[in-house]
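1. no sequence on this one, just coordinates:
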C-alpha cells in the first residue's frame, strides 16, 4: 500500500465547495470515506464510471461531498435505486454508502433482496448503533441495554448482526471492521470493489454526539476503548466458547466467494430468452 | 430493429398488453414491477418482450423498490416504466415525490380497481384521480393522462413517455381494470409512424454544471445522465441550480419548487388534451374521463335523439387541468354533469373550473360496474324535471 497524503486524496476526490462536511466532532464517517477514496485511488478506477448511491442519514450525505455522479435517495431505498442504475448501464460501478438504520431497518427488505439477487454493488456500511442525524433514537443494531431517545431505559430488543445477515442472504464478500482497523478496512474495500456481485464492508463507527453521549462514552477515544472491549477478531472467536462470545462483535472477513452477479445472470437470461423464442441460435 | 410483436397493423389485444407494446415502441428499455391485479398483464407482457430486445425487466421485492429502480434506471439513461394498481400506487407515492423533486422522467401506470385497501381487486373504479394528482407530498406538479379505450391506452402510453422526456417529470397513466382487461382492436404503428421525444442532454460542460438550472429559458434543464463524466449529484433535498443541497434558504426552495410547478403550468396548453362532442350548441354538458366517457358519449347521442341538446367534454389529461376550458363550457350551458366511478373526484375539479357559471352535478357509481348510458340519461332526465 502506497501512502498518499490525505490532502492529495481530498484535493483529488472531494467537492471543495461542499466543505466543511456536516459531520460532528469524533464521527467516524470521514475516516471510512477516506478509506473508500484511498481504495478507489489505489485500484486506479475511472471516477467517471463510478456512481455513489445513498439513502437518508449522516452517512448518506457522503455522495454530496465526493466529486462523482451521485444519487441521494429516499430513506432505506438506496439499493433499490442502485438496481435500476446498474441494470440500465452495467458499465457503471456502484458504491452504496449506507447507515445501519438505512440498511437494516427501513431498507431491510431491499438489503436482503439485493443480496439474494447478488446485485453488483459495493456497500460501505456505517454502523454507529444509532439514528445519528435523526437525533439518537435506537437502531436495529443497538446493543441490548444501551440507550437511545426512543428507548431511554435501555434497548430491550435483540440487535441484528448485519454482516452475518449478509452472509446468510448470499453476499459474495462480507467483512466487518471498526474505523480504527485502517489497513484491514482499506484492503477489504479494495477487495470488495474488485469483485462481481454483492460486496459489503461494515464499519463500526463512533457517534459520540448522538450515541456515545447517552451511553457514558462522550468522546471518540471512549468509544475506541469500548470497541476494543466488545470486538473479537474472527480467528480468536472461532476458539472461544459461545458464552464468552455473548455480547461481543466479531470482526474480520466472513465470506469471500464468486457466485455470478445479477448483471451476468441477466445477460444469460437474455440469451436464453432469445434462444427459446428462436431469435438466436 | 426487430420487434417481438407485429407492427404496422391492427391487433386484437387487452389494454394492459397495449400499454406494454406502446412502451416498447416509445423506447422503454427498463421495466421494474411488482405483481398486482389488474396491472399484472403489463408486467407479464414486458417479461415476454423485454429480454428479446435487450431491455431489462425485473420483479422487485415491492412497489417501493420498483419505482426506485425505475428512477435509478432513468438517471442511467434509460426510458423506464412501472405499473401498479391503487394499493401499490400508494406505496410508490414517496418516490413519485422524489422523481418530481429530482426532475426524473419516468412513467407510472395505475390500473385502478375498486375500493380502498385491497377492495375489489378485479373490478374497475376511478378512485385514484385525486391520488394521482395530489398523492405525493409537498408542493409539486406532474402529468396525469387518462385513456378511455384500448387504442387510447396505447396512444397515451407513447405520449406519456414523450411528455416525461420533454418536461423531465413523472407522468402517470391513470387507467382502470375495465380498459386494462378489455380486448379491442388496436392499430400498432410502424416505428417510423411514431413521433418520439428524447430528453435534452447537456450540450457542453457549462450546461452540465446546471442540472437543475434553466439554461434554455424553458424551465426544463438538460439532464446530465450518469456515466458521461459530468459528475452530477442528485438529491431529494432542496438544492440549487448546480444540485447542491441548500435546505434552509427560503429563496432557494421557492425558486426550485416554483420552477418545477411552473414548467408544467406554463405548458398546460401543450399537455392538456380533450375531445369535445356536440358541444357547440349544447344546453347541457357532460364532463367525463376514462372508461365512463364512453357511456357518456352514447348517452349524449341518445339524449340528442330525444331532443335534448347534450354535449360531451371528454377529459384526456387529468393534470394539468384546464379550468378555463371548463369555465368557457359552463358559460354556454345550463348544467354540467360529471359521471364518474367514485364518490366525486373529477367533480371537484370541474366544479372549481365552472366557477359558479353553471351548476355542476355528480353522477356517482361505485362497486365495480361502469355506468350504463341509460343510468346517465335517467339521472339527467330526472334532474331536468
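-> Yep, it's here. Note that the coordinates shown come from a computational prediction; the quantities given were computed from them, not determined experimentally.

2. Give the closest residue to residue 57 in space, chain neighbours not counted.
-> In the absence of a named chain, this looks at chain A. In this structure, residue A:57 finds its nearest non-sequential neighbour in residue A:99, 4.2 Å apart by CB to CB, 6 or more residues apart in numbering or on different chains. Using the backbone N, CA and C atoms, a C-beta is placed for each residue, glycine as well.

3. nope, chain B
-> residue B:50 (3.9 Å).

4. and that neighbour, what does it touch?
-> For residue B:50, the contacting residues are B:24, B:29, B:31, B:56-57, by CB atoms under 8 Å, 6 or more residues apart in numbering or on different chains.

5. what does residue A:122 give?
-> A:93-96, A:189, A:192-193, A:199-201.

6. can you give me phi and psi for the single nearest residue of chain B relative to chain A?
-> As assessed by CB to the nearest CB, chain A sits closest to residue B:72 within chain B, at 2.9 Å. As for residue B:72, its main-chain torsions (degrees, to the nearest 10) stand at phi -60, psi -40.

7. Going by neighbour count, which of the contacts of residue B:50 comes out on top?
-> residue B:31 (30 neighbours; other CB atoms under 10 Å in any protein chain shown).

8. Surely that one touches residue B:57?
-> Yes - with contact defined as CB atoms under 8 Å, residue B:31 counts as touching residue B:57 (4.7 Å).

9. hang on, the earlier thing: turn the contacts of residue B:50 into CSV, columns for pLDDT and secondary structure.
-> As requested, these are arranged in CSV below (pLDDT from 0 to 100; DSSP: H, G, I helix; E, B strand; the rest coil):
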residue, pLDDT, secondary structure
B:24, 98, helix
B:29, 98, strand
B:31, 98, strand
B:56, 98, strand
B:57, 98, strand
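
10. Most widely separated two among the residues you listed?
-> For those, the maximum inter-member distance is 12.1 Å, found between B:24 and B:56 (CB to CB).

11. what sits against the residue nearest to residue A:57?
-> Here residue A:99 is in contact with A:55, A:57-60, A:125-128, A:131-132 (CB under 8 Å, 6+ apart).

12. quick one: it from residue A:106, how far?
-> Separation of residue A:99 from residue A:106 (CB to CB, to the nearest Å): 10 Å.

13. Quick check: the residue in chain A that chain B sits nearest to vs residue B:383, distance?
-> In chain A, the residue that lies nearest chain B is residue A:84 (2.9 Å; CB to the nearest CB). Applying CB to CB, the value for residue A:84 to residue B:383 is 50 Å.

14. who has more neighbours, these two?
-> Of the pair residue A:84 and residue B:383, residue A:84 is the one with more neighbours under other CB under 10 Å, namely 31 against 13.

15. Tell me the gap between the host helix or strand of the more buried one and the middle of its chain.
-> Using DSSP states H and E, the element containing residue A:84 is helix A:78-88. Centroid separation between helix A:78-88 and its chain, computed with CA atoms, centre = their mean, to the nearest Å, is 16 Å.

16. the helices in the stretch 151-281 of chain A, which residues?
-> Remark: helices assigned in the stretch 151-281 of chain A by DSSP state H, counting those that start in this stretch are A:162-169, A:182-194, A:220-230, A:234-239, A:242-245, A:262-276.

17. So which of the ones you listed is nearest residue B:118?
-> Closest approach to residue B:118 among these is made by helix A:162-169 (29.1 Å; CB to CB).

18. which residues touch that closest one?
-> Counting by CB under 8 Å, 6+ apart, A:100, A:103-104, A:111-112, A:115-116, A:125, A:127, A:141, A:174-176, A:198, A:200, A:202, A:254-255 sit against helix A:162-169.

19. Can you say which of the residues you listed are buried?
-> Buried subset of the contacts of helix A:162-169 (neighbour count, 16 or more other CB atoms under 10 Å in any protein chain shown): A:100, A:103-104, A:111-112, A:115, A:125, A:127, A:141, A:174-176, A:198, A:200, A:202, A:254-255.
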